[in-house]
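Participant: Take this sequence and fold it.
(one chain, ligands or ions: 1)
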Amino acid sequence: MAQYARGSAVAVIRLRNPPVNALSRAVLQALEDGLKKADADPSVKAVMICGENGKFSAGADIRGFSAPKRLGGALGPIVSLIESSEKPVVAAIEGVALGGGLEVALGCHYRVAHVKARMGLPEVTLGLLPGAEGTQRLPRLIGVPAALDMITTGKHIPATEALKLGLVDEIVEENTIEAAIRLANKVIGQPLGPRRLSLKPVPKVPNMEAFLDEALAKVKRQARGCLAPELCFQAVRAATRSPFAEGVRRERELFQVLLSSGQAQALQYAFFAERAVRRWATPGGASWSSAAPQPVRRAAVIGLGTMGRGIVTSLVKANIPLVALEQDLENLNKGRKAVMLLLEREAMKMEGGAQVLDFHNPARLQFTVDFDLLRDVDLVIEAVFENMALKKEIFHKLSKICKPGALLCTNTSALNIDEIASATNRPQQVIGTHFFSPAHVMRLLEIIYGRHTSPTAIATAMQLATALKKVGVVVGNCFGFVGNRMMFPYVQQAVFLLEEGSRPDAVDQVLEDFGFKIGPFRMSDLAGLDVGWRSRKDQGLTGPSLPAGTPARQRHGQRYSPLPDLLCERGRFGQKTGKGWYLYEKAGGRTATPDPWLLNFLSQYRDTHGIRTRFIDQEEILERCLFSLINEGFAILAEGIASGPEHLDVIYINGYGWPKHRGGPMFYASTVGLPRVLAKLQKYSEAHPDVPGLQPSAFLKKLAAVGNPPLKEWMSYLSQQSSKL
Ligand SMILES: CC/C=C\C/C=C/C(=O)SCCNC(=O)CCNC(=O)[C@H](O)C(C)(C)COP(=O)(O)OP(=O)(O)OC[C@H]1O[C@@H](n2cnc3c(N)ncnc32)[C@H](O)[C@@H]1OP(=O)(O)O
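Facilitator: Residues are numbered from 1 along each chain as shown. The predicted structure follows:
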């Protein structure tokens, strides 16, 4: 709704739709009614538009885009109506003015913003474009380069930047509404023509066409298969080439193309999925609604290797005082130097810099080798080497030293949380916090509860994720948890494809064309092949503990590829050694080139094992890698390791480079259709009966059999009928 009120000469229209005043049909109708009322009332001389509860508006109601009676198209005419008003209209921007919300403000003749307000046209991040004439008005107001930047990236800008760009006329530190009413009173009777953006020419840029060509190349480079950025670009380009009305027609055409694209649906699904995972629940009945987090006033990080350094940086950025601990002075000094470098780089990116981060202050960041300094911390994150014995030793020590209420977190990518907790006298306070490298950059935090983890511990870890500006996803305890467990069959298929005749660059290309930031072989080289090698040795799959006489390509009766082990035995650990699945310019180099040695090695390997090399097409590469990953996802859901498919999708988008415009693996499966996923898995499984990862999960079979229900209904089949699976 929008509330209409008449003060003296200024009528006030307040957008009201909590929590963010999204522009639903009802709000738009009330806005239109308010404008007409103000227009018809001769005692009203000006209008002020604001939002309820200190927020202007977060834009069109995103749920409306998939409603049977779609929202698209309704807002543009209202923005025009505002602009054509014969009485001055002033926007009072508090909190956020995003998307359609900012487009409403662009229709106003004047804009006053609170200094803490943020503005943006983030439609591109939802697979759309600012379809309420925003692509035509914004370039006229702030020029093409700045408008293109805002519209094609969707970034939110602070009010101070908006003022510099000319997006707002005034910023205030105190009462925005009063300032807007003051301005409205002041401009009564002044000519409105120059304030109507649709009548303004688009400011010239020297050599506009060359500028646009360059901008388009940049947009395409960054879009990586996502449609919206390029169509946003096209709409802005139309503003530079055509009169306003024609530009608006073009904008509407492009908006309709995007609205009906699968990508917009996937991105909007991802938006709500990210919010849905905040409402965590466990099969035991603990949930976000009843668990309260503990305050974290001081934290500690143990281990200053790559992960520990990133975690320390994250905590400092979140303004949490902490102690950083290493086992000896040599490692401490090495770690301290690396952390300081990271923090200095981060500070340079921030307004206020090093002073804001305050990392030179020992009261906020203290480096030590003394475990005793951990006595009074509220939370510890252990980030040492992935080794169970070492972790247990540390947790045993922690349970003796730390105060009774302290939360004990382990940063592990696969190890058993219950076993680590068993080394303590407080398993209810032990929880897994799986950070992703680099930990100060990657948004995902997988939060793993063990058998005894308390709801308070989960709630505290989730609160920590929010404080670190990360997406926390709560999952159950199993080998590899959710992310890595789904990754194993994917990487396994990629390696099997090499055995059968493919090449690393061919497999990577197919998955990168699908939209992954990086294919599985480039990813392994980046992460280091030795990491998996160590884990396989610990599991007895390779190395000295492997029983003599074990067949080279079989473990426990299942197909196994020793290829990654063979590379490691030859010192090929990936980028760090200058060679792995690819060749690099030097140790630590980043430019991967196909390695003739490896191709020769693969061919000898196939000869040794009597494997007939065959041509493998792109479809088979894509399906075997993706469908085996998705298949594991269904098994995870059936086991209750995650409470819904959204969890898996949020993990994959934020931690594994899954293309967001494809919505995550489980959403993707729903768009492919579960019967098709099942049929393909059945086909590949028949061809490779010794590969369990290709055998369709019972839950997938069930869902296909009950008629391929929509993703949001999947879990209901599990709870009602799990006994029949
Ligand atoms: C008519 C067609 C023509 C024109 C095209 C116009 C298109 C658009 O305007 S598309 C929408 C563009 N706007 C956005 O993309 C903003 C999206 N929202 C956000 O970025 C954030 O929500 C926020 C910065 C506004 C607030 O962040 P925060 O304080 O962290 O809160 P939440 O994100 O948890 O949001 C709270 C609550 O509100 C729901 N919500 C937010 N924005 C919208 C929206 N535009 N439509 C519908 N619902 C919205 C959000 O989902 C949360 O609710 P749930 O927890 O129940 O999911």
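Participant: Which residue ranges of the stretch 151-300 of the chain form helices?
Facilitator: 159-165, 176-187, 208-223, 227-241, 244-259, 262-276 (DSSP state H, counting those that start in this stretch).
Participant: ok, and the closest non-adjacent residue to F211?
Facilitator: V205 (5.1 Å; CB to CB, 6 or more residues apart in numbering). All C-beta atoms are positioned from the backbone trio N, CA, C, and that covers glycine.
Participant: My error: substitute K701 in the last question.
Facilitator: Leaving aside its sequence neighbours, K701 is closest to L678 (6.3 Å, by CB to CB, 6+ apart).
Participant: swap in Y652?
Facilitator: W658 is the one closest to Y652 (CB to CB, 6+ apart), at 3.9 Å.
Participant: quick one: the one you found from P122, how far?
Facilitator: 20 Å (CB to CB, to the nearest Å).
Participant: where's the one residue in the stretch 351-500 of the chain that gets nearest to the ligand, which helix or strand?
Facilitator: Of all residues in the stretch 351-500 of the chain, T466 sits closest to the ligand, at 9.0 Å by CB to the nearest ligand atom. In this assignment (DSSP states H and E), T466 forms part of helix 455-467.
Participant: buried residues in that helix?
Facilitator: Residues 455-465, 467 are the ones in helix 455-467 that count as buried (16 or more other CB atoms under 10 Å).
Participant: re the thing from before, test my guess that the residue of the stretch 351-500 of the chain closest to the ligand contacts I447.
Facilitator: No - between T466 and I447 there is no contact under CB atoms under 8 Å: 11.4 Å.
Participant: Let me know the next secondary structure element after the helix-or-strand element of the chain with minimal mean pLDDT.
Facilitator: Scoring the helices and strands of the chain by mean pLDDT, DSSP states H and E places helix 353-357 at the bottom, with a mean of 65. As assigned by DSSP H and E, the chain's next helix or strand after helix 353-357 is strand 365-368.
Participant: Name the residues that touch that following strand?
Facilitator: 312, 316, 321-326, 332, 335-336, 339, 359, 373 (CB atoms under 8 Å, 6 or more residues apart in numbering).
Participant: most surrounded residue in those?
Facilitator: Greatest neighbour count in the contacts of strand 365-368, by other CB atoms under 10 Å, goes to V312: 31 neighbours.
Participant: what number of residues lie near Y269?
Facilitator: 24.
Participant: Report the contact partners of the nearest residue to it once chain neighbours are set aside.
Facilitator: Take Y269 and drop its neighbours on the chain: the residue closest to it by CB to CB, 6+ apart is G663, 5.0 Å away. G663 sits next to 265-267, 269-270, 273, 649, 671 when contact means CB under 8 Å, 6+ apart.
Participant: Now the two most distant members of the residues you listed.
Facilitator: The largest separation in the contacts of G663, counting by CB to CB, is between A273 and T671 at 14.1 Å.
Participant: Which pLDDT value belongs to E351?
Facilitator: Here, the pLDDT recorded for E351 equals 70.
Participant: Equivalent analysis for A414, please.
Facilitator: So, for A414, pLDDT stands at 89.
Participant: Hmm, F481 and it touching each other?
Facilitator: Yes - with contact defined as CB under 8 Å, A414 and F481 form a contacting pair (7.0 Å).
Participant: Find residues that contact each of T466 and I447.
Facilitator: In contact with both T466 and I447: G472, using CB under 8 Å, 6+ apart.
Participant: Give the buried residues for stretch 384-400.
Facilitator: By 16+ other CB under 10 Å, the buried positions in stretch 384-400 come out as 384, 386, 391-392, 394-395, 398-399.
Participant: For those, point out the one with the lowest pLDDT.
Facilitator: Lowest pLDDT among the buried residues of stretch 384-400: E386, 89.
Participant: From the structure, what's the count of residues near R485?
Facilitator: 19.
Participant: Pop out the phi and psi values for it.
Facilitator: Backbone torsions of R485, given as degrees, to the nearest 10, read phi -60, psi -40.
Participant: thinking again about what came up before, list the ones among the contacts of strand 365-368 that fall in helices.
Facilitator: Members of these lying in helices (criterion: DSSP state H): 312, 316, 332, 335-336, 339.
Participant: farthest pair in the residues you listed?
Facilitator: The farthest-apart pair in the ones in helices among the contacts of strand 365-368, when distances are taken by CB to CB, is V316 and L332, at 16.5 Å.
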